[in-house]
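J.: sequence plus predicted model, see below.
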Amino acid sequence: MGGGGLWTVVELLGGVALLLFIAIASIILFEVYNRRFNNAHVEGEAIFEDPNSLKKVPCPSIFDPAEKYMSLIIPAFNEEHRLPSALDETINYLQQRGEKDKSFTYEVVIVDDGSVDGTKKVAFDFVKKYKVENVRVLLLGRNYGKGEAIRKGMLHSRGELLLMLDADGATKVYDLEKLEAQIRTVAGKEINVDGGGDSSFGIHDVPVVAFGSRAHLEDKALATRKWYRNFLMKGFHLVVLLAAGPGIRDTQCGFKMFTRAAAQKLFRNVRLKRWCFDVELVYLCKWFRIPMVEISVTWSEIPGSKVNMLSIPNMLWELALMSVGYRTGMWRIAV
């Protein structure tokens with residue numbers, strides 16, 4: 001092939017690459033534009049059902065005054081097998097702590113994200129056993145994604161502190177005390193500065209977020225995972241760094257605690273409904289200048305994970321939407 005022919009091939013490949021780039025960019029911009037009002041989350045009135053009395057219990061709002069000290073939000077999608085042991089461990093901890101400290105009040109909010117197995121029955125069995133005052137089930141009707149399930153649970157919780165945790169019990173529930181202690185430390189400093197010693201100004205009034213982290217386990221994970229999984233995860237972490245910036249090493253650990261003030265700001269703005277809502281939370285924390293602390297937690301691999309290699313492209317797609325949405329100003333943040 002002569003030089004002219006080679007140059008023609010290069011030009012052709014360049015033209016195809018340019019068209020492909022334009023097509024992908026157009027699709028991203030179109031999808032970003034379509035999601036510009038996703039944070040509004042227009043919906044009907046959410047209702048909890050009391051399986052004992054069969055009466056409907058209206059959901060509180062995150063913007064109402066807190067009625068409990070702590071809310072634990074558990075998203076569940078087809079978790080009939082893993083949910084019972086996780087709930088047993090969680091509620092046993094909460095009850096024991098409540099017996100030692102009568103001021104410790106709590107609620108567990110299970111959000112059924114459109115499960116098609118026996119998750120709903122398992123969840124309602126726990127409501128029957130522990131009463132709707134302490135355990136509640138929120139039914140989404142269809143599968144929206146983990147991010148949407150947590151957002152919905154957060155917006156209808158009563159706690160001063162709100163903890164999201166996975167239904168598989170991979171993180172030990174008692175580690176919430178580590179996150180709680182750090183939040184109290186950070187919020188306490190803010191109260192002394194901004195509250196002027198006002199006793200009515202509590203930790204729930206100060207926006208703070210504590211991220212449970214598995215970063216301390218990374219070296220062991222690198223040694224046991226397949227090389228291509230490590231390559232993909234490193235690539236994903238790089239994209240997260242570019243999208244949300246530095247600050248949190250492990251954005252994806254499903255164990256995070258929020259003060260009520262932080263939850264009010266963050267979850268009225270979250271747009272991503274699936275895996276990368278965690279990264280969006282980091283971005284929003286930085287935008288609102290909400291203090292973030294990262295704390296190592298006890299974590300173990302539980303069989304039945306719903307994250308697989310096909311999840312990586314979906315995550316990258318969501319990160320691209322988030323980055324373009326906020327940086328172009330099409331995704332406006334409600335304050």
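T.: Right, received. Where do you want to start?
J.: touching the longest strand along the chain from outside, list them.
T.: Across the chain, the longest stretch assigned as strand under DSSP state E is strand 68-76. Strand 68-76 is touched from outside by 83, 86-87, 90, 94, 103-113, 115, 119, 123, 146, 149-150, 153-154, 157-167, 173, 176, 180, with contacts defined as C-beta atoms under 8 Å, 6 or more residues apart in numbering. For every residue, glycine as well, the C-beta is placed using N, CA and C.
J.: where's that strand relative to the chain centroid, distance-wise?
T.: Relative to the centre of its chain, strand 68-76 is centred 12 Å away, using C-alpha atoms, centre = their mean, to the nearest Å.
J.: any idea of the mean pLDDT in it?
T.: Across strand 68-76, pLDDT averages out at 97.
J.: what sits closest to residue 165 if chain neighbours are left out?
T.: Closest residue in space to residue 165, ignoring its immediate chain neighbours: residue 255 at 5.3 Å, by C-beta to C-beta, 6 or more residues apart in numbering.
J.: hang on, residue 109 is in a helix, isn't it?
T.: No - counting by DSSP: H, G, I helix; E, B strand; the rest coil, residue 109 falls outside a helix, being strand.
J.: what sits against the residue nearest to residue 165?
T.: Residue 255 sits next to 163, 164, 165, 166, 171, 175, 176, 179, 212, 297, 299 when contact means C-beta under 8 Å, 6+ apart.
J.: surely residue 49 and residue 137 touch.
T.: Yes - using C-beta atoms under 8 Å, residue 49 is in contact with residue 137, at 7.1 Å.
J.: higher neighbour count, the two?
T.: Between residue 49 and residue 137, counted using other C-beta atoms under 10 Å, the more crowded position is residue 137 (23 against 17).
J.: tell me what that one is bridged to.
T.: residue 110 (DSSP bridges).
J.: could you check how far it is from residue 172?
T.: 23 Å (C-beta to C-beta, to the nearest Å).
J.: do the same with residue 285
T.: According to C-beta to C-beta, residue 285 stands 25 Å off from residue 172.
J.: same thing with residue 110?
T.: Residue 110 is 19 Å from residue 172, where distance means C-beta to C-beta.
J.: ok, the two, which is more surrounded?
T.: Taking neighbours as other C-beta under 10 Å, residue 110 and residue 172 compare with residue 110 leading, 27 against 16.
J.: in this structure that one contacts residue 137, no?
T.: Yes - counting by C-beta under 8 Å, residue 137 is a contact partner of residue 110 at 5.0 Å.
J.: now the common contact residues for the two.
T.: residue 123.
J.: give the contact list for the residue nearest to residue 215 when sequence neighbours are not counted.
T.: Nearest residue to residue 215, sequence neighbours excluded (C-beta to C-beta, 6+ apart): residue 249, at 4.0 Å. Neighbour list for residue 249: 213, 215, 294 [criterion: C-beta under 8 Å, 6+ apart].
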